[in-house]
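Undergrad: here is my input; please provide its structure:
(2 chains)
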Amino acid sequence: MLEGFNFRVVWEYMPFFLEGLRNTFLISIVSLFLALVMGIIACACRLSNWKLVRGLSIAYIESIRSTPLLVQIYFFYFGLPTLGFRIPEIQTGILALMLNSGAYIAEIIRAGITSVDNGQVEAGISSGLNYFQRMRFIVLPQALGVTVPPLLGQSIVLVKDSALLSLISVLELTRCGQTLTSERFMPSEAFFTVAFFYLCIYFCLKTLADWSQKKLIFREAY
Amino acid sequence: MTLYYFQRLIEIFPFFLKGLWMTVAVSGLALLFGTILGFALGTLRASNSRLLKWPIGGYVAVIRGTPFVVQIFIVFFILPEWGIQLDAFPAAVLALTMLGTAFICEIVAGGIRAVDRGQWEAAASSGLNIFQQLRFVILPQAMQTILPPLVGQYVLLIKDSSVVSVIGVTELTRVGWVTVVRIPEGLMVFSLVGLLYFAISYPLIRLSNSLERKMAVQQVRL
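TA: Next up, the predicted model:
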């Protein structure tokens, strides 16, 4: 099956792959951070009492969740120049990833917040805590346990989603595989190496997610 | 100018419907095969036999740990090296089926494990053989846990089918990509593409949510 696998070419291209890996890392981390901010804002709007704000955030979340990420990436990639914005591909990609993951993260955070029993909030009100104190000392510490494991799951999805940026010629891991394929025509060397790197990232994040879940279940029982 | 492009877009709208049909065909076939294989593998995975656990678990981890773009490149570029020549359409269906199988397998295995052990024992002591136990006792109960995430998974699969545009299957995303070259209004073209995806995905998302509520009610009634 793999008798013809050319390790020398993989080794020769290793610095190139490592650069791609680094870019994948950077793109994922920056998008994850921005998506967290976006998700918190969207979730706050979703839970707001103002109808207009709530409607807008529902429209944002639902439209992101029912369209493919690739279409969203192309939407910004081909759409922003017609509006007169000329930004590099990598920033377009990060923008799309941020908006995409932001919608999913908003739902994760909302599930966490609504999982906290209403009686807890009422108890907070009757203890004389204001809104921010209630959030800080009562709701968030409890919601964190429900939110952190799926957030780590979302970050796994984000790393995999960043592979789609290769299609708008951002030089990340998958793009390296495509380049090696077109330069030497060695698709198995290229894509098995790429898959190997993604699997490494996946197992690290998966271990972290499983560990956090175990920790948090222990906290809940306590 | 925008109005002129809008008229052009309406002229070639049938082309978009053809793309939509292709999306439905690719993801429909993958859904069908993925559900059948996923149920088979999921049942085996829930059996706790160590001989089956490792290969199936490994398969699921590899599929879940790598981006779908990489998987489709592997199917499309590397299978020919091993002597399996596939056209774009069967390659797309094969890759999507592999993806769907892995995720559905996990959902089914989780659903079966959630059924109380006593049900297996009761079924066995009623003299049912293993297939009858599954068919008449375990699966009907497991379906409550399986159905909502299964429909959610179908939505993900339909959205992931947009990625098969990279190997040249003329589905919806590909149609948008081809059109945007002739009608340089990225926002307009990809809004239309997004709208068509929304038309299929959103009802399914609603269905998944309502199933979740309905199943929760049923479980309380038990």
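Undergrad: need the contact list for the residue nearest the centre of chain A.
TA: Taking C-alpha atoms, centre = their mean as the criterion, A:L158 is the residue nearest the geometric centre of chain A, at 3.3 Å. For A:L158, the contacting residues are A:28, A:31-32, A:35, A:97, A:101, taking C-beta atoms under 8 Å, 6 or more residues apart in numbering or on different chains as the criterion. The way it works is simple: take the backbone N, C-alpha and C, and place the C-beta from them, glycine included.
Undergrad: mind running it again at 7 Å?
TA: Contact analysis of A:L158 by C-beta atoms under 7 Å, 6 or more residues apart in numbering or on different chains lists A:28, A:31-32, A:97, A:101.
Undergrad: following the strand or helix carrying it, which helix or strand comes up?
TA: Taking DSSP states H and E as the definition, one finds A:L158 inside helix A:140-161. Toward the C-terminal end, the helix or strand that comes next after helix A:140-161 (DSSP H and E) is helix A:173-184.
Undergrad: touching chain B at all, that next one?
TA: Yes - shown here: helix A:173-184 in contact with chain B (C-beta under 7 Å from any C-beta of the partner chain) through A:174, A:177, A:181.
Undergrad: closest one to chain B out of those, please.
TA: Each of these was checked against chain B using C-beta to the nearest C-beta; the closest is A:T174, at 5.7 Å.
Undergrad: surely the closest one touches A:V194?
TA: Yes - with contacts counted by C-beta atoms under 7 Å, A:T174 reaches A:V194, the gap being 5.9 Å.
Undergrad: what sits in contact with each of those two?
TA: With the criterion set as C-beta under 7 Å, 6+ apart, the overlap between the contacts of A:T174 and A:V194 is B:V70.
Undergrad: what sits closest to B:L150 if chain neighbours are left out?
TA: For B:L150, the nearest residue in space outside its immediate sequence neighbours is B:I107; the separation is 5.7 Å by C-beta to C-beta, 6 or more residues apart in numbering or on different chains.
Undergrad: which residue would be the closest one in chain B to chain A?
TA: Per C-beta to the nearest C-beta, B:G186 is where chain B lies closest to chain A, at 2.7 Å.
Undergrad: what residues does stretch A:42-61 touch?
TA: A:102-103, A:106-107, A:109-110, A:113.
Undergrad: equivalent analysis for stretch B:159-170, please.
TA: Residues contacting stretch B:159-170 (C-beta under 7 Å, 6+ apart): A:68, A:70-71, A:167, B:19, B:22-23, B:26-27, B:68-69, B:72, B:76, B:88-89, B:91-92, B:96, B:99, B:171-174, B:177, B:197, B:201.
Undergrad: so which residues of chain A form helices?
TA: Assignment of helices within chain A using DSSP state H yields the ranges A:7-12, A:14-46, A:51-65, A:69-82, A:89-114, A:118-126, A:131-134, A:140-161, A:173-184, A:187-221.
Undergrad: mind putting these in TSV, mean pLDDT included?
TA: Output for these, formatted as TSV (pLDDT from 0 to 100):
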stretch	mean pLDDT
helix A:7-12	82
helix A:14-46	93
helix A:51-65	93
helix A:69-82	91
helix A:89-114	92
helix A:118-126	89
helix A:131-134	88
helix A:140-161	88
helix A:173-184	87
helix A:187-221	83
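Undergrad: okay if I get those helices as JSON lines plus distance to B:G127?
TA: Formatted as JSON lines, the helices of chain A follow (distance: least, C-beta to C-beta, whole Å):
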{"stretch": "helix A:7-12", "distance to B:G127": "58"}
{"stretch": "helix A:14-46", "distance to B:G127": "53"}
{"stretch": "helix A:51-65", "distance to B:G127": "47"}
{"stretch": "helix A:69-82", "distance to B:G127": "51"}
{"stretch": "helix A:89-114", "distance to B:G127": "44"}
{"stretch": "helix A:118-126", "distance to B:G127": "49"}
{"stretch": "helix A:131-134", "distance to B:G127": "58"}
{"stretch": "helix A:140-161", "distance to B:G127": "42"}
{"stretch": "helix A:173-184", "distance to B:G127": "54"}
{"stretch": "helix A:187-221", "distance to B:G127": "39"}
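Undergrad: since that was my last question, I'll sign off now.
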